[in-house]
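Engineer: got a sequence here, can you model it:
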Amino acid sequence: MSGVSGPSLWVTILAGGSGQRFWPLSKADRPKQLLPLGSARPMIVDTLERLPGLALPERTRILAGEGLVAPIREVTGLPASAFLEEPRPRGTGPVLAWAAWELERAGPGAVMVSLHADHVIDPASGFRDAVRAAAAIAVRENLLMTIAVPPDRPETGYGYLRPGRSLDAPPGHRAFRVEAFAEKPDTATAVRYIREGYRWNSGIFVWPAATFLAEIEAHAPGIARAFPLLERGDVPGFFSEVEPMSVDEGVLERSGRVGSLDATFAWDDVGTWEAFARHRRADEDGNVSQGEVHLADARGNIAVADSGRVVLLGVRDLLVVRTERETLVMPRSRSAELKRYLRNINDKAILHPRERSGAGSG
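Structural biologist: Predicted coordinates:
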């Protein structure tokens with residue numbers, strides 16, 4: 001295997017968010033990273049099981065919001081020392097800056113790998129080899145590296161990047177400087193991006209922690225000005241001081257030190273019910289089901305019974321999800337609208353069921 005491994009690599013896993021696109025299966029107290037959406041196991045468990053041989057176990061950190069550390073520990077068995085608990089949500093920019101600051105303090109020269117807890121990746125060996133290759137380039141060239149995925153369809157739910165000049169890469173890999181990032185496009189633009197050689201931006205990042213911190217200083221002064229609070233051990237103060245910011249908009253899109261390495265593995269971001277369906281075997285009528293689901297003269301449906309029983313008779317192209325408390329029924333073609341609907345109603349009784357009747361209810 002080529003590249004950087006062993007003591008210099010630290011892995012951070014972004015495990016925050018409520019996954020509202022998977023409501024009612026996913027809620028604030030049971031986010032999607034704790035659900036078996038990509039396989040039969042919770043997504044965070046799948047993510048952790050890709051890591052052996054990449055970084056030492058004690059050099060893995062889970063970045064999670066308040067209230068999620070306990071349930072993640074329950075399904076993973078990780079010690080409390082493996083977690084960096086975000087006091088309040090501020091986006092990927094501040095939380096990755098904090099993580100980089102902590103890693104560089106713990107081990108100067110640390111190379112940081114940033115992963116998401118809701119990706120499906122296969123094979124794990126190809127993923128590990130790509131991360132090592134990206135780390136070798138990041139250290140040699142002093143770059144912020146992202147794993148880029150050559151697209152196989154005009155996906156409107158992902159961000160894209162435009163590769164520029166080639167970089168020397170270990171055998172079996174292709175790497176480039178990144179010329180530009182592009183936000184989630186419409187279908188016509190996505191088709192054009194594929195024709196012009198754009199890649200999906202996977203959100204898997206590899207960089208020397210010190211390089212990332214220097215780019216924070218250069219391009220995200222609002223975060224950099226709050227670093228003295230971290231030096232004083234005031235993590236809550238740091239998160240109160242910084243403004244919400246994504247690492248893409250705040251740093252990567254502004255930096256001139258970004259490279260990409262093409263993925264040598266299959267990758268998917270399980271962020272929608274359609275993505276969920278891609279990782280389940282459909283029956284002969286195109287139905288995807290999980291749990292106790294009974295189908296008759298039904299075609300093209302997604303049906304999930306987390307509790308009880310779901311029966312679909314003579315219907316087509318529906319999304320039906322039943323839990324103990326709620327049932328969702330909607331056209332499958334409109335599943336992307338669910339998050340916006342939930343944001344508009346902002347009903348705590350729906351999104352935060354344990355708050356309905358005081359502490360401990362539900």
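Engineer: hmm, residue 309 is touching residue 303, no?
Structural biologist: No. Between residue 309 and residue 303 no contact is recorded; they are 10.4 Å apart, counting by Cβ atoms under 8 Å. Bear in mind the C-beta positions are built from the backbone N, C-alpha and C, glycine included.
Engineer: helix or strand right after the longest helix that the chain contains?
Structural biologist: Residue-count comparison of every helix in the chain, with assignments taken from DSSP state H, identifies helix 124-141 as the longest. Sequence order places strand 144-149 as the next helix or strand after helix 124-141, per DSSP states H and E.
Engineer: pLDDT weak spots in the stretch 201-350 of the chain?
Structural biologist: Counting by pLDDT under 70, the ranges of the stretch 201-350 of the chain that qualify are 346-350.
Engineer: contacts only, for the residue nearest the centre of the chain.
Structural biologist: Compute the mean C-alpha point of the chain, and by Cα atoms, centre = their mean the closest residue is residue 116, 3.1 Å away. With contacts taken as Cβ atoms under 8 Å, 6 or more residues apart in numbering, residue 116 has the following neighbours: 13-14, 47, 203-204, 269.
Engineer: make it 6 Å
Structural biologist: Residues in contact with residue 116, defined by Cβ atoms under 6 Å, 6 or more residues apart in numbering, are 14, 203.
Engineer: helices of the stretch 1-150 of the chain, start to end?
Structural biologist: 43-48, 69-76, 92-106, 124-141 (DSSP state H, counting those that start in this stretch).
Engineer: how many residues are close by residue 343?
Structural biologist: Residues contacting residue 343 under the criterion other Cβ atoms under 10 Å number 10.
Engineer: ditto for residue 236
Structural biologist: Using other Cβ under 10 Å, the number of residues around residue 236 comes to 10.
Engineer: list the helices and strands whichever strand or helix holds it packs on?
Structural biologist: In this structure, residue 236 sits in helix 235-241 according to DSSP H and E. The contact analysis (3 or more Cβ pairs under 6 Å, 6 or more residues apart in numbering; DSSP states H and E) places helix 235-241 against helix 227-231.
Engineer: dump the helix it packs on to PDB, keeping only the CA atoms.
Structural biologist: Below are the C-alpha coordinates for helix 227-231, written out as PDB (Å, rounded to 0.1, in the frame of the first residue of the first chain):
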ATOM      1  CA  PHE A 227      -8.900  30.300  18.500                       C
ATOM      2  CA  PRO A 228      -7.700  32.000  21.700                       C
ATOM      3  CA  LEU A 229     -10.800  30.700  23.400                       C
ATOM      4  CA  LEU A 230      -9.800  27.100  22.500                       C
ATOM      5  CA  GLU A 231      -6.300  27.900  23.900                       C
END
